[in-house]
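Participant: give me coordinates for this.
(one chain, ligands or ions: 3)
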Amino acid sequence: MARKKRILVTGGAGFLGSHLCEKLVDGGHEVLCVDNFYTGDKENLAGLLGSPRFEIIRHDITFPLYLEVDEIFNLACPASPIHYQYDPVQTTKTSVHGSINMLGLAKRLRAKILQASTSEVYGDAEIHPQDETYWGRVNPIGPRSCYDEGKRCAETLFFDYRRQHNLSIKVARIFNTYGPRLRPDDGRVVSNFIVQALTNQPITIYGDGQQTRSFCYVDDVIDGLVKLMDTNDEVVGPVNLGNPSEVTMMGLAELVIELTGSRSAIEFKPLPLDDPRQRQPNIKLARDRLGWGPSVPLRDGLVETIAYFENFIIAADRAGAAA
Ligand code: NAD
Ligand code: UDP
Ligand code: UDP
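Facilitator: Ligands and ions are numbered 1, 2, ... in the order given. Got it, this is the predicted structure:
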């Protein structure tokens, strides 16, 4: 086994963070999860609470944090448009002040630090698929800007701490990821469609449904994050992590209806402002430098995710009936 490390995961109670904490504890490491529970949930960490190698700290990373660790995965930040737009100033603070604090912590400890960046830094891209050399096309003053520009500034900070303070950094640009522990009220398309299909509510397609995304199963992304952190210091990134297989939102809706056997109809709703038209990662860099690529096809990952939401809905119904 690799050397046992003490690892900080910010945003560890969220969708990706909770899977990452599990993977790191399973790998024999000691894990400190820091979260303010804005979109995260302790339930996501239920399987880890008995472990002597796991600890949760309630803390908002926009405030300084003093503890001792060997590595930092910086995942704290709401990722779903409805949540990051609810308090946009706090979203920008989380990416900017939060990153400064975590970089300051890493600098004091000389710890390696990884930033969970996003495909949103490419914005509504003019090139397709997007590779890491593309600088992006982002609206600086729109409703998505708090997230997109916050994440872009976080990347700037990471690279300036590397240049100015010789810090060991890693930047992953994560594309749309799905899987168990997405919140049912998250507003992201995969959770929306599955919950709507399972409850026979209309499936809400924004716009004409011809916009595309490329969905990566959570286990694949977590594997990529750990591989990136564990590579030598020469591999800094930014590195795209995602699944290049692209689907239209109409195609996704049809697949979810098929896999759930749902009676849901399709309902068209207005397209949100600045909604990117097409998104697909070029993952050549991750393949070449990390030996990483996704292994779970959309259909298989959706089956797992649907099973999770089925249990979730049954448990919620039981709790409602008991109350
Ligand atoms: P999530 O909302 O489930 O998790 C984010 C976590 O961060 C939550 O537990 C939340 O409570 C916590 N948090 C938010 N603000 C905080 C603060 N100021 N201090 C401490 N904790 C805070 O989202 P996720 O999908 O798990 O995303 C995790 C990270 O990955 C985010 O940084 C997101 O931008 C990035 N990312 C996710 C995706 C995706 O498709 N899921 C794609 C690209 C990038
Ligand atoms: N910081 C922190 N934990 C630490 C060290 C620093 O939260 O262990 C915060 C600190 O509040 C500071 C920020 O990180 O505002 C940036 O630290 P840095 O050393 O880069 O800058 P400076 O302290 O010189 O402003
Ligand atoms: N979307 C949709 N119906 C929904 C939720 C989202 O058609 O109920 C669309 C949304 O407009 C976007 C795509 O699905 O084009 C992905 O949206 P999501 O919020 O999941 O991710 P992001 O836009 O951040 O990639």
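Participant: from now on I want contacts and neighbour counts done on CA atoms only, so please keep to that.
Facilitator: OK.
Participant: low-confidence bits of the protein, can you list those?
Facilitator: 1-2 (pLDDT under 70).
Participant: the strands in it, which residues?
Facilitator: 6-10, 30-35, 54-58, 71-74, 112-118, 169-174, 177-178, 203-206, 212-214, 216-217, 239-241, 246-248, 266-269 (DSSP state E).
Participant: neighbours of residue 111, how many?
Facilitator: For residue 111, the count of nearby residues is 19 (other C-alpha atoms under 10 Å).
Participant: most packed of the strands of the chain?
Facilitator: strand 239-241 (a mean of 29; mean count of other C-alpha atoms under 10 Å).
Participant: run me through the strand neighbours of that strand, direction for each.
Facilitator: strand 169-174 (parallel) (DSSP bridges).
Participant: can the partner strand be found next to ligand 1?
Facilitator: Yes: contact of strand 169-174 with ligand 1 (C-alpha under 6 Å from any ligand atom) involves residue 174.
Participant: with stretch 299-319 instead?
Facilitator: No: Stretch 299-319 lies out of reach of ligand 1 by C-alpha under 6 Å from any ligand atom, never closer than 13.5 Å.
Participant: list the buried ones in that stretch?
Facilitator: Across stretch 299-319, burial judged by 16 or more other C-alpha atoms under 10 Å covers 301, 302, 305, 306, 309, 310, 312.
Participant: name the surrounding residues that touch it.
Facilitator: 178-181, 184, 194-195, 198, 217, 255-256, 259-260 (C-alpha atoms under 8 Å, 6 or more residues apart in numbering).
Participant: any chance of a markdown table for these, columns distance to residue 81?
Facilitator: Below are the contacts of stretch 299-319 laid out as a markdown table (distance: C-alpha to C-alpha, whole Å):
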| residue | distance to residue 81 |
| --- | --- |
| 178 | 15 |
| 179 | 17 |
| 180 | 19 |
| 181 | 17 |
| 184 | 14 |
| 194 | 18 |
| 195 | 17 |
| 198 | 23 |
| 217 | 19 |
| 255 | 23 |
| 256 | 21 |
| 259 | 26 |
| 260 | 25 |
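Participant: out of those residues, which is nearest to ligand 2?
Facilitator: residue 181 (28.9 Å; C-alpha to the nearest ligand atom).
Participant: tell me the contacts of the closest one?
Facilitator: Applying C-alpha under 8 Å, 6+ apart, the residues contacting residue 181 are 14, 15, 44, 308.
Participant: top of those residues by neighbour count?
Facilitator: Using other C-alpha under 10 Å as the neighbour criterion, residue 14 leads the contacts of residue 181 with 28 neighbours.
Participant: find the nearest non-adjacent residue to it, please.
Facilitator: Spatially, and ignoring its direct neighbours in sequence, residue 14 is nearest to residue 40 (4.1 Å; C-alpha to C-alpha, 6 or more residues apart in numbering).
Participant: against residue 16, how distant is the one you found?
Facilitator: Going from residue 40 to residue 16 by C-alpha to C-alpha, to the nearest Å gives 10 Å.
Participant: so which of the strands of the chain is nearest residue 147?
Facilitator: strand 112-118 (9.4 Å; C-alpha to C-alpha).
Participant: who does the closest one touch, helix- and strand-wise?
Facilitator: Under the contact criterion of 3 or more C-alpha pairs under 8 Å, 6 or more residues apart in numbering; DSSP states H and E, strand 112-118 touches strand 71-74, helix 88-109, helix 145-165, strand 169-174, helix 218-230.
Participant: reformat those as a markdown table; add distance to residue 203.
Facilitator: Formatted as a markdown table, those follow (distance: least, C-alpha to C-alpha, whole Å):
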| stretch | distance to residue 203 |
| --- | --- |
| strand 71-74 | 34 |
| helix 88-109 | 27 |
| helix 145-165 | 26 |
| strand 169-174 | 26 |
| helix 218-230 | 23 |
